[in-house]
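> Turn this into a model:
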Amino acid sequence: MSLRDDKAMAAHSPPQIPMELYRQNRSKLIAAMRQYLQSQGLPINGVILLQGGEEQTQYCTDGIILFRQESYFAYLFGVKEPGFYGAMDISTGKAFLFTPRLSEDYAVWMGKIHTSSDLKEIYEVDEVYYADEMEDILRSLATDNETMLLYLLHGLNTDSNKFSQPAQFKGIENFNTNLDILHPILTECRVFKSHLELNLLRYVNEVSSAAHVEVMRRTKVGMKEYQLESTFLHYVYMFGGCRHCSYTCICATGENSSVLHYGHAGAPNDRTLKDGDMALLDMGAEFSFYGSDITCSFPVNGQFTDDQRVVYNAVLGAHEAVISKMKPGVSWVEMHKLAESVIIKSLKDANILLGTVEEMLEKRLGAVFMPHGLGHFLGLDTHDPGGYVKGLERPKEPGLRSLRTVRVLQEGMLNLDATSLMQHWFQQW
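A predicted model of the protein is given here:
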């Protein structure tokens, strides 16, 4: 398969996204909210209200940054456009969208203005109104002349240490609001993936895996790192329909490979590949909000040195050991420690490390070689939320403190297709 091979496009036919995916997500949230409210002896009514993302310009200019929907809003409604609100009536389960009222000039510059009927059909919700009608519509959902209670999204993302921002609109002061209940429940819904979500994740990881293989095939001594990035970006968009990536591409060679998040603006994938270099490529496409995250390493000249082979096989052994042991009921902390132990034993067997494996593990030597945590949840965000639910504390030890979750694995939590597909494509290569 090459960039000029028309068969590539057929191999990655971008799927149609069923609105049933978002209906299922909304139903899951409504059921979870009702269950929680009932368990706390609270009325099973009120409205869940989320505000979608807003379009941004580049600083003070009129240059528009390509919009990508806020992930919680995308999870529930699948809306591509900016400026929307979404609401769900807990008692009836009905879903509402509130669209911005666009001027006629919008059609000249941006294209067709969808009517409320259009949007209702496109996104398969119960009702669509304009955002400037939202206060009156939400008031009308109240019963017995009581002040409507709005459940708003506000909570900590334990990966970024930033908070979700609750919805704001003119007239919100006329409602009762709750900022505590919705976020942990909705986050927990996102942790467990439906079959429709898994199908979407499987597709985007398949495309990303094939793109990595295409980059491997085309890599040559003397190229620039950004040419590897360009090859990946072209492939996932040209053949997979993936306009967005899950994160900034990391195309690190030589000494750059030791920098975990190389590829940022100050280190823009611009080194020249040299004979004898290892390349470490960490790149993942995104399709319809759902992402991938794949890292692979290989020698740019196609031949491992003895030392490179030792390190590569140590990491490969850790990868295979974790995959073989992962199942519901297993602690993710223990999986991290398993990976460390395999790596340390491999380096000891190669006479790179001296001492017993047990002693080195006790002294947390594994953190020197793996300062980051092992893996993370994946979904609408590269680091999908839910790693630390209430009551779970982040470990203090080196290496372990970087874990993005310490949870015991449950069915539906993690999607392993990225790794299994990468193995498949590597064998094909």
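> Can you show me the helices along the stretch 301-429 of the chain?
Counting by DSSP state H, counting those that start in this stretch, the stretch 301-429 of the chain has helices at residues 306-325, 332-349, 357-362, 366-369, 417-428.
> Give the other helices and strands that the third one contacts.
Applying 3 or more CB pairs under 8 Å, 6 or more residues apart in numbering; DSSP states H and E, one finds that helix 357-362 makes contact with helix 332-349. Just so you know, the C-beta spots here come from the backbone N, C-alpha and C atoms, and that holds for glycine as well.
> would you turn the helices of the stretch 301-429 of the chain into TSV with mean pLDDT?
Shown next, in TSV, are these (pLDDT from 0 to 100):
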stretch	mean pLDDT
helix 306-325	95
helix 332-349	96
helix 357-362	97
helix 366-369	93
helix 417-428	33
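> Can you say which of those helices is nearest to D105?
Closest to D105 of the helices of the stretch 301-429 of the chain, according to CB to CB: helix 417-428, at 43.6 Å.
> before we move on, the earlier item: what's the most buried one of the helices of the stretch 301-429 of the chain?
Scoring the helices of the stretch 301-429 of the chain by mean neighbour count under mean count of other CB atoms under 10 Å gives helix 332-349 as the most buried, with a mean of 19.
> Show me what that helix is in contact with.
For helix 332-349, contacts defined as CB atoms under 8 Å, 6 or more residues apart in numbering pick out 310-311, 313-315, 317-319, 321-322, 325-326, 353-355, 357, 360-361, 365-367, 369-370, 373-375, 395, 399-400, 403, 405-409.
> rewinding a little: which one of the helices of the stretch 301-429 of the chain lies closest to Y151?
Nearest of these (CB to CB): helix 332-349, 29.9 Å.
> Just want the angle from that closest one to helix 306-325.
With axes from the mean of the first three to the mean of the last three CA atoms, to 10 degrees defining the directions, helix 332-349 sits at 150 degrees from helix 306-325.
> Export only the CA atoms of helix 332-349, formatted as PDB.
What follows is helix 332-349, C-alpha atoms only, in PDB (Å, rounded to 0.1, in the frame of the first residue of the first chain):
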ATOM      1  CA  TRP A 332      -3.600  -1.100  36.300                       C
ATOM      2  CA  VAL A 333      -0.900  -0.300  38.900                       C
ATOM      3  CA  GLU A 334       0.200  -4.000  38.800                       C
ATOM      4  CA  MET A 335       0.300  -3.800  35.000                       C
ATOM      5  CA  HIS A 336       2.700  -0.800  35.200                       C
ATOM      6  CA  LYS A 337       4.900  -2.700  37.600                       C
ATOM      7  CA  LEU A 338       4.800  -5.800  35.300                       C
ATOM      8  CA  ALA A 339       6.100  -3.700  32.500                       C
ATOM      9  CA  GLU A 340       8.900  -2.200  34.600                       C
ATOM     10  CA  SER A 341       9.900  -5.700  35.800                       C
ATOM     11  CA  VAL A 342      10.200  -7.100  32.200                       C
ATOM     12  CA  ILE A 343      12.200  -4.100  31.100                       C
ATOM     13  CA  ILE A 344      14.600  -4.200  34.100                       C
ATOM     14  CA  LYS A 345      15.100  -8.000  33.700                       C
ATOM     15  CA  SER A 346      15.900  -7.500  30.000                       C
ATOM     16  CA  LEU A 347      18.400  -4.800  30.700                       C
ATOM     17  CA  LYS A 348      20.000  -7.000  33.500                       C
ATOM     18  CA  ASP A 349      20.200 -10.000  31.100                       C
END
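> Quick check: the gap between N25 and P82.
Taking CB to CB, to the nearest Å as the measure, N25 falls 20 Å from P82.
> same question but for G52, I mixed them up
Distance of G52 to P82, given as CB to CB: 7 Å.
> Name the residues contacting each of the two.
Contact criterion CB under 8 Å, 6+ apart; residues shared by G52 and P82: Q69.
> between these two, who's got more neighbours?
Shown here are G52 and P82; by other CB atoms under 10 Å, G52 has more neighbours (25 against 16).
> my guess is the more buried one contacts K80, does it?
No - shown here, G52 and K80 do not form a contact pair, counting by CB atoms under 8 Å, at 9.8 Å.
> Mind listing the shared neighbours of those two?
What both G52 and K80 touch, as defined by CB under 8 Å, 6+ apart, is the set Q69.
> From the centroid of the chain, which residue is nearest?
Residue closest to the mean C-alpha point of the chain, counted by CA atoms, centre = their mean, is D381 at 2.0 Å.
> Can you check the pLDDT for the residue lying closest to that residue once chain neighbours are set aside?
Counting by CB to CB, 6 or more residues apart in numbering, D381 lies nearest to S71, which is 5.3 Å off, once chain neighbours are set aside. On pLDDT, S71 comes in at 98.
> Likewise for D282?
96.
> can you map out the strands along the chain?
Along the chain, counting by DSSP state E, strands occupy 47-51, 85-89, 95-99, 127-130, 149-152, 156-157, 162-163, 176-178, 244-245, 250-253, 278-283, 285-287, 290-291, 294-299.
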